[in-house]
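# Fold the stuff below for me.
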Amino acid sequence: MSNSTDSVERVPPPLTVRMKMAFGVGSTAEAITFQATNMFLLLFYNQVLGLSPGLVGLALSAGLIINAIVEPMVGSWSDRTRSKYGRRHPFLFASAGPIALCFYALFSPPEFLGPTGLLVWLTVVYVLLQQMLSLYEAPHLALGGELSDDYIERSSVMAYNTFFLWIGDTVAALVALKIFFKATAAVPNGALDASNYPSFALWTALTLFALRMFSAWKTAERIPYLSKTDASTPPFGPREFMGDILKALSNRNYVVLLFALLFFSLMTGVRNGLYIYKMTYYWQLNNDEIAWFVIGSLCGYVFAAFAVKRLHARFDKRWTGMAACLVYCVAPAIPLVLGYFGILGPESRYLIPILILFSLLQHAPYSILTTTIRSALADIADENELKHGLRQEGVLFAARTFFQRIDTALGTMLAGWALVLIDFPAKATPGLVDQDVLTGVAAVFILSTIPGLVATYFYGSLRVTRATYDATKAALAKNRAAIATETADARPLPKEIP
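A predicted model of the protein is given here:
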């Protein structure tokens, strides 16, 4: 597990389902945080409190950009941390409370603040929330990468993580809409009622704190068997951080993953930006009908959770990831292609079941791909340990997140430009939008498949296989044995008793 010479290697017990679930619970908290802020933060500060949506957007962008820069630093910091609680858990325990407090404060600004004060409050608190999230996310994902050093078992760990992300996304949306912001006769859209937000903020913050603390507490049982930082490793600093980034980028497989992520995130950014337009205006579905699509996502994620280990064992991670990316690129665009040729439309019989089926074909490959890449990153950490003598799960996961967030923002911006280009009307009414405009929405969505196909090529170019894994692990074992022998030879002989 570790090449540390100041600690005795301990053989870890088998990784239980309970431990994988405890790790996944932490991801549920992450998903709830992002889903809640993404769904309601702009609406709350714009429609409820009256701030300009442009100013709110700038405040949120500032938080995301700073977060993207800080997260790799946190990853490097956790990689180099030495404590009796291991490398990751000090960050997990320390960030749980501040995240909950920042979330509550974000949706509970002081009533006496004017527009300028509200904007300052939003910007400062959101930036703080994002930085506290950085303290949690990078170490948490890195922990998942080192819970097991088995090629296939790593895939199982990340499959649980991906499934619990889905739970968080779904629970956050359903609980908020059905409990805290449920419709009333006076206010059909409960999210526009300011009186609903205090209870939403309090209960969500308490839930976030409880989930993160539970995950950190239960996974702490694994600390004695996790990788440890060697005593000779310099502590975190600016020079060490830059060196860690260069070490990560010197790995060919990691660079290939980043290129794949570049094009994949462009596609998903455009599609996410156009999603509500596609569902509401192109297919003319209402919110109650859209809620049924949870069936497709649930079936997709459940299938992926059970299938991914078998797929990696049968086809390896490289080909599994490539195939999953290809299906994810093509399948969601097929209904729109059918719509373009007049085969499928808002008036079509069984429209919702058909779209739910394609939703399954969207979420299953996405879950498989996400699990595959995170599992492969743990294998890349082995390669970097062999080359540089330092395990870099924190940097590898965090640097990937940096590129993903910047690139997803770019994709979302491209979606906005596309809507301007096709002249999509403001305050449009479903069913009354010109067909040429709707065809433009469909065309942009379909064309977003192109960068996804480029990402598929890069995922197929990975050289992370069972064979490379076995070779790397054998070399690491040889190095560790040599280090142990040198350490034993260097110990002074006991003095003779006269």
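# can you pull the buried residues of the host helix or strand of Tyr136?
Using DSSP states H and E, the element containing Tyr136 is helix 115-146. Neighbour-count burial for helix 115-146, counted by 16 or more other C-beta atoms under 10 Å, picks out 118-119, 121-123, 125-146. (Glycine included, C-beta is placed from N, CA and C.)
# where exactly do the helices run in the stretch 51-200 of the chain?
Applying DSSP state H, counting those that start in this stretch to the stretch 51-200 of the chain gives helices spanning 53-79, 89-106, 115-146, 153-175, 197-219.
# could those be laid out in a markdown table, adding distance to Phe341 and mean pLDDT?
Formatted as a markdown table, those follow (distance: least, C-beta to C-beta, whole Å; pLDDT from 0 to 100):
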| stretch | distance to Phe341 | mean pLDDT |
| --- | --- | --- |
| helix 53-79 | 37 | 78 |
| helix 89-106 | 46 | 96 |
| helix 115-146 | 42 | 90 |
| helix 153-175 | 33 | 87 |
| helix 197-219 | 44 | 96 |
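# got the ones you listed as a markdown table, with distance to Ser448 columns?
As requested, these are arranged in a markdown table below (distance: least, C-beta to C-beta, whole Å):
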| stretch | distance to Ser448 |
| --- | --- |
| helix 53-79 | 21 |
| helix 89-106 | 31 |
| helix 115-146 | 26 |
| helix 153-175 | 21 |
| helix 197-219 | 32 |
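# Now do stretch 101-115: distance from first to last residue.
22 Å (C-alpha to C-alpha, to the nearest Å).
# list the buried ones in it?
Neighbour counts using 16+ other C-beta under 10 Å place 101-109 of stretch 101-115 among the buried residues.
# domain ranges for the chain?
Under the assignment automatic domain parsing, the domains of the chain span 12-230, 237-482.
# and after the worst-scoring helix or strand of the chain on mean pLDDT, which helix or strand comes next?
Ranked by mean pLDDT, DSSP states H and E, the weakest helix or strand in the chain is helix 393-421, scoring a mean of 71. Note on helix 393-421: by DSSP H and E, the next helix or strand toward the C-terminus is helix 435-447.
# which strands and helices sit next to that following helix?
With contacts taken as 3 or more C-beta pairs under 8 Å, 6 or more residues apart in numbering; DSSP states H and E, helix 435-447 sits against helix 252-277, helix 334-340, helix 393-421.
# To Ala159, which of those helices lies closest?
Closest to Ala159 of those is helix 393-421 (C-beta to C-beta; 16.3 Å).
# follow-up on the earlier one: mind putting the buried residues of stretch 101-115 into CSV with distance to Val56?
Output for these, formatted as CSV (distance: C-beta to C-beta, whole Å):
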residue, distance to Val56
Leu101, 21
Cys102, 17
Phe103, 17
Tyr104, 19
Ala105, 16
Leu106, 12
Phe107, 13
Ser108, 17
Pro109, 12
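# From those residues, pick the one nearest Ile245.
Closest to Ile245, out of all of the buried residues of stretch 101-115 and judged by C-beta to C-beta, is Cys102, at 27.3 Å.
# now that closest one: how far from Trp417?
Plainly put, Cys102 is 32 Å away from Trp417 if you go by C-beta to C-beta, to the nearest Å.
# So which of the helices and strands packed on helix 435-447 is nearest Ile65?
It is, among the helices and strands packed on helix 435-447 and with distance given as C-beta to C-beta, helix 393-421, at 7.6 Å.
# Ala333 contacts Gly452, correct?
No - using C-beta atoms under 8 Å, Ala333 is not in contact with Gly452, being 9.1 Å away.
# Mind checking which of those two has more residues around it?
Neighbour totals were compared for Ala333 and Gly452, and Gly452 leads with 24 against 19 (other C-beta atoms under 10 Å).
# can you pull the contacts of the more buried one?
Counting by C-beta atoms under 8 Å, 6 or more residues apart in numbering, Gly452 touches 263-264, 267, 325, 328-329.
# Could you do His140 as well?
His140 touches 23, 26-27, 30, 88, 92, 215, counting by C-beta under 8 Å, 6+ apart.
# Equivalent analysis for Ser215, please.
Here Ser215 is in contact with 22-26, 29, 92, 140 (criterion: C-beta under 8 Å, 6+ apart).
# swap the cut-off to 10 Å and go again
21-30, 92, 96, 136, 140, 143, 164 (C-beta atoms under 10 Å, 6 or more residues apart in numbering).
# Make CSV from the contacts of Gly452 and add neighbour count to it.
Below are these laid out as CSV (neighbours: other C-beta atoms under 10 Å):
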residue, neighbour count
Phe263, 23
Phe264, 28
Met267, 25
Cys325, 28
Tyr328, 26
Cys329, 23
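# out of those residues, who's nearest Ile356?
Of all the contacts of Gly452, Tyr328 has the smallest distance to Ile356: 16.4 Å, by C-beta to C-beta.
# quick one: the closest one and Thr268, what's the gap?
Counting by C-beta to C-beta - Tyr328 and Thr268 are separated by 9 Å.
# do Ala313 as well
From Ala313 to Thr268 the distance is 28 Å (C-beta to C-beta).
# And these two? Which one has more around it.
Using other C-beta under 10 Å, the more surrounded residue of Ala313 and Thr268 is Thr268, with 23 against 13.
# I'd say Cys102 and Trp121 touch.
No - between Cys102 and Trp121 there is no contact under C-beta atoms under 10 Å: 11.5 Å.
# close enough to count as contact, Phe34 and Ala173?
No - using C-beta under 10 Å, Phe34 makes no contact with Ala173, being 11.3 Å away.
# How far away from the center of its chain is the helix or strand hosting Arg239?
Taking DSSP H and E as the definition, one finds Arg239 inside helix 238-249. Taking C-alpha atoms, centre = their mean, to the nearest Å, one finds helix 238-249 lying 23 Å from the centre of the chain it belongs to.
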